[in-house]
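Chemist: how would this look folded up:
(3 chains)
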Amino acid sequence: MSAPGKGGFSKAVYTRPRSLVDVKSHFCPGCHHGTIHKIVAESIDRYGLREKTIGVACVGCAVFLYDYIDVDVVESPHGRAPAVATGVKRAQPDKFVFTYQGDGDLAAIGTSEIIHAANRGENLSVIFVNNTTYGMTGGQMAPTTMLGQKTSTTPYGRDFSSDGYPIRMAELLAGLEGTAYSARVAVSTPAQIRKAKEAVRKAFEMQIAGMGLSIVEFLSTCPTNWGMKPLDAQKRVLGEMSEYFPLGVFKERKQADIA
Amino acid sequence: MSALAVSPSKRLLTKGNEAICLGAVAAGCRHYFGYPITPQNDIPEHMAAHLPALGGTFLQAESEVATINMMLGTSASGKRVMTSSSGPGISLMQEGLSYMAGSELPAVVVNISRSGPGLGGIAPSQGDYFQAVKGGGHGGYRLIVLAPHSVQEMYALTMLAFDLADKYRTPVLILGDAIVGQMKEPFVASPYDPASTVEKPWALTGCAGRERRNVKSLYLKDNAIEVHNWKLHEKYERIRENEVRAESYMLDGATIAIVAFGTAARVSKTAIQWARKEGIAAGMLRPITLFPFPKREVFELARTVDFLLVIEMNTGQMVEDVRQCTPLHDRIAFLGKPCAMPTPEEILERIRLLAGKKG
Amino acid sequence: MTGDIIMAGFGGQGILMIGNLLALTAMEEGKHVTYFPAYGVEMRGGTANCTVVVSDEEIGSPVVGRPKGLLIMNGPSMEKFLPMLASGGDLIINSSLVEERQVTRDDVRLLPVPADDIARNKIGSRQMASMVALGAYVARSGIVKLSTVFDCLPKVISKKYEKFIPLNVTALKEGAALAGFHA
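Modeler: From the prediction side, this is the model:
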């Protein structure tokens, strides 16, 4: 069949999510933030949350959330997003609240805030973007930097004897009673993107059902600071990163702990 | 008996720390975040007991760092929010205070100060003056700073703090100390009477029926941060112009004027009463707002008295601000006592010495 | 009437309770009053003390270096506070627990009160010892009226214990009698 010239035959099979702002991305080529933003925006739309959402942006490349997601956003100091989100949610329990944090933010400077927010079972959703480096400040070592990985502050490669090991946050948080849902996903293949969408939906459903803190860790790329072409960066996610940071669901609460 | 249930017309024998809670609740504050530290634990304990029944939130945070950021979130939601702490905890809050000043978010922070630096001690002190009035955190900002000297003022200034915070969209600090925090004295729970109600069209409540909003302190484009800094500066100038508060105590015909705040001012009142009985014309100018500082009042006073006697529970901080108010530096004397209250006897002795110098 | 007093003893002896009661009584009589308790680490280790200042004028310092009154309920408090008492000041000691020879000054007006003995033997409750001591101090100093103290008892004693109010009145009277005051 030839391409339909008349309107009656055309059908939109894809539109930009309502909650995604129609702007050009400023992120580097091959960076996953854009894909992750879109998944978040789609899930906000799916549950009709746009007009009752308050997002919490962190410090790092992830801060630019407010330029891309068409919802109210408060900016948090570095690592403090789970505390800021706690303050928002406690003041407005009927609203939908999520944080969007990078690995330096959540897994280094903000470990205290994420662990205690999870342990309190704060009814929040956390989008955690792990690209094994500090993107905005120019590629320094992150708490998730792989052993042997060269960064601007591990010029000879990360060495466990002086720098410790890459930290697996999804597993760590799954071990806390207050965590309702914890999963790790990637977005390097269409199949992975489908799974990632499922995970984010599940995380959002947890909050809607009042189950406690939900977190989805995304394995993500930083071609610029990794010194890789975008395609090679995808391969790294599929290869060594997925080996050390296994994809999967680490905790899924079935019932709320409500007395 | 619930302290919150008593009739407003009656005198109550109440602890300063509790009066702060009563003032906060009267002013509509229903959200409190905090972390335990001596000598202010009565405040979180009181709030934990009473806020839930009022439909509010009490949350003991994992740290003061988390506390101030929880406040940031609640304030961004458009709600009145308070915390209390002491020196070491207030230091941990400086990051969040800077962000809140930059994001123009109202909040009330109470410092029932103790001795420092470091872990210091729990003795009453005014060593946090510089931290309170000069900004405290990074980037150049001011907090409005209120200094109560009685239980009545702990109550009234807390209500005022919420009004000023909302009016100017800025954090307000109440600088007390262990004496005014721990002491009990009669006070009247006068009804809350806000000067005006402030709308919060900037609050983040979900973008139903409107454009999305951001609350942020990051300004990367062109000269946006410079513009923002000038905007904040203009706000601080308005505060300086409109919000100075000070008490004149027995200044009629005074030749020696004490300048002191908080507990140091309170103790000075006894010494002034004694000095007057001896025929020495002593009085006091007591700054109630430390920022904005009563510059004009100090300038005028310095011209009419023989001596300004600055008294502080530290080794000399506010005295630097007093020196900036007047060129008559040879009229400024200082009595400092770090980490302890000066006694009325010590103050009287210094008053006598100054009176002798002139006489 | 103007006066100030430091009260000190073991935690659990009711020091803060009688300090509060005295302050409340002064307030009811329309006086200026402050009450300042020891706080924080001072409270650890089981000691308790508080300062009450009563005045017809606005009170400056709620803490006093030379109190006109001292109420001592145990031995360790004597060592700590006796040097501070103003010359000619009133010294009430719980002579059931504090030996009179511990009073190393002769420029003060000593009133030994066997508070624990009276509480246990005459009133039947050791808990009443601090009330006996307060009764003695109030009668000796005249800082407030004993009858106003009676009136204020219901404000410091919770509903649960209100049946003990008459016992407290008896204790206050016993103490006052030792100071030569008979209600």
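
Chemist: Now do the contacts for B:Ala61.
Modeler: By CB atoms under 8 Å, 6 or more residues apart in numbering or on different chains, the contact set of B:Ala61 is A:83, A:116, B:33-35, B:67, B:70. Placement of C-beta: from N, CA and C, glycine included.

Chemist: With A:Ala81 instead?
Modeler: Applying CB under 8 Å, 6+ apart, the residues contacting A:Ala81 are A:56-58, A:99-101, A:105-106, A:110, A:113, A:126.

Chemist: Give me the phi and psi for it.
Modeler: phi -50, psi -40 (degrees, to the nearest 10).

Chemist: Pull the number of nearby residues for A:Leu247.
Modeler: When neighbours are defined as other CB atoms under 10 Å in any protein chain shown, A:Leu247 has 18 of them.

Chemist: Also B:Gly118?
Modeler: 9.

Chemist: what does C:Leu82 give?
Modeler: 17.

Chemist: what's the spacing between it and chain A?
Modeler: Distance of C:Leu82 to chain A, given as CB to the nearest CB, to the nearest Å: 49 Å.

Chemist: Next one: that residue, what pLDDT does it get?
Modeler: On the pLDDT scale, C:Leu82 is placed at 97.

Chemist: now, which of the contacts of A:Ala81 lie within helices?
Modeler: Among the contacts of A:Ala81, the members falling in helices (DSSP state H) are A:Glu113.

Chemist: Could you pull out the helices in chain A for me?
Modeler: Going by DSSP H, chain A shows helices at A:33-46, A:65-68, A:81-91, A:103-104, A:111-119, A:160-163, A:169-174, A:190-208, A:223-226, A:230-236, A:242-244.

Chemist: buried ones in the longest one?
Modeler: Meaning helix A:190-208. A:192-193, A:195-207 (16 or more other CB atoms under 10 Å in any protein chain shown).

Chemist: again, but for the first one
Modeler: Judged by neighbour count (16+ other CB under 10 Å), helix A:33-46 contains these buried residues: A:33, A:35-44.

Chemist: on that earlier part again, biggest separation within the buried residues of helix A:190-208, which pair?
Modeler: For the buried residues of helix A:190-208, the maximum inter-member distance is 23.1 Å, found between A:Gln192 and A:Gln207 (CB to CB).

Chemist: thinking again about what came up before, closest one of the contacts of B:Ala61 to B:Ile347?
Modeler: Once CB to CB is applied, the member of those that ends up nearest B:Ile347 is B:Gly34, at 34.3 Å.

Chemist: any chance you could map the strands in chain C?
Modeler: C:3-10, C:32-37, C:47-55, C:69-72, C:90-94, C:109-113 (DSSP state E).

Chemist: which secondary structure elements does the longest one contact?
Modeler: Helices and strands touching strand C:47-55, by 3 or more CB pairs under 8 Å, 6 or more residues apart in numbering or on different chains; DSSP states H and E, are strand C:3-10, helix C:15-28, strand C:32-37, helix C:75-81.

Chemist: mind redoing it with 6 Å?
Modeler: strand C:3-10, helix C:15-28, strand C:32-37 (3 or more CB pairs under 6 Å, 6 or more residues apart in numbering or on different chains; DSSP states H and E).

Chemist: Could you tell me which strands sit next to the first one in the sheet, and their orientation?
Modeler: Translated: strand C:3-10. Taking DSSP bridges as the criterion, strand C:3-10 pairs within the sheet with strand C:47-55 (antiparallel), strand C:69-72 (parallel).

Chemist: Report the inter-axis angle for the longest one versus helix C:15-28.
Modeler: Put plainly, it is strand C:47-55. Calculated by axes from the mean of the first three to the mean of the last three CA atoms, to 10 degrees, strand C:47-55 forms an angle of 10 degrees with helix C:15-28.

Chemist: who touches strand C:47-55?
Modeler: C:2-8, C:11, C:15-16, C:19, C:22-23, C:26, C:31-38, C:59, C:62-63, C:143 (CB atoms under 6 Å, 6 or more residues apart in numbering or on different chains).

Chemist: burial count for the residue of chain C found nearest chain B?
Modeler: Residue nearest to chain B within chain C: C:Gly60 (2.8 Å; CB to the nearest CB). Residues contacting C:Gly60 under the criterion other CB under 10 Å number 22.

Chemist: Find the closest residue to chain B in the stretch 101-250 of chain A.
Modeler: For the stretch 101-250 of chain A, CB to the nearest CB, closest residue to chain B: A:His116, 3.9 Å.

Chemist: Select, from the contacts of B:Ala61, the two members most distant in space.
Modeler: Pairwise distances across the contacts of B:Ala61 peak at 14.0 Å for A:His116 and B:Gly34 (criterion: CB to CB).

Chemist: okay, the two: which has more neighbours?
Modeler: Neighbours per residue, other CB under 10 Å: of A:His116 and B:Gly34, the larger number sits with B:Gly34, 27 against 19.

Chemist: what's around the nearest residue to the residue of chain C closest to chain B once chain neighbours are set aside, how many residues?
Modeler: Leaving aside its sequence neighbours, C:Gly60 sits nearest to B:Thr270 (CB to CB, 6 or more residues apart in numbering or on different chains; 2.8 Å). As a burial measure, B:Thr270 scores 22 neighbours (other CB under 10 Å).

Chemist: try B:Lys216
Modeler: Neighbours of B:Lys216 (other CB under 10 Å): 18.

Chemist: Check whether it really touches A:Glu75, as I assumed.
Modeler: Yes - the pair B:Lys216 / A:Glu75 is scored as a contact, 3.8 Å apart, by CB atoms under 6 Å.

Chemist: who touches both of the two?
Modeler: In contact with both B:Lys216 and A:Glu75: no residue, using CB under 6 Å, 6+ apart.

Chemist: Name all residues that make contact with A:Gly102.
Modeler: A:60, A:62, A:129.

Chemist: Pick the one among the residues you listed closest to B:His149.
Modeler: A:Gly60 (45.2 Å).

Chemist: Tell me the pLDDT of that closest one.
Modeler: pLDDT recorded at A:Gly60 is 90.

Chemist: Spatially nearest residue to it (excluding sequence neighbours)?
Modeler: Distances taken as CB to CB, 6+ apart put A:Gly102 closest to A:Gly60, at 4.1 Å, once the chain neighbours are dropped.
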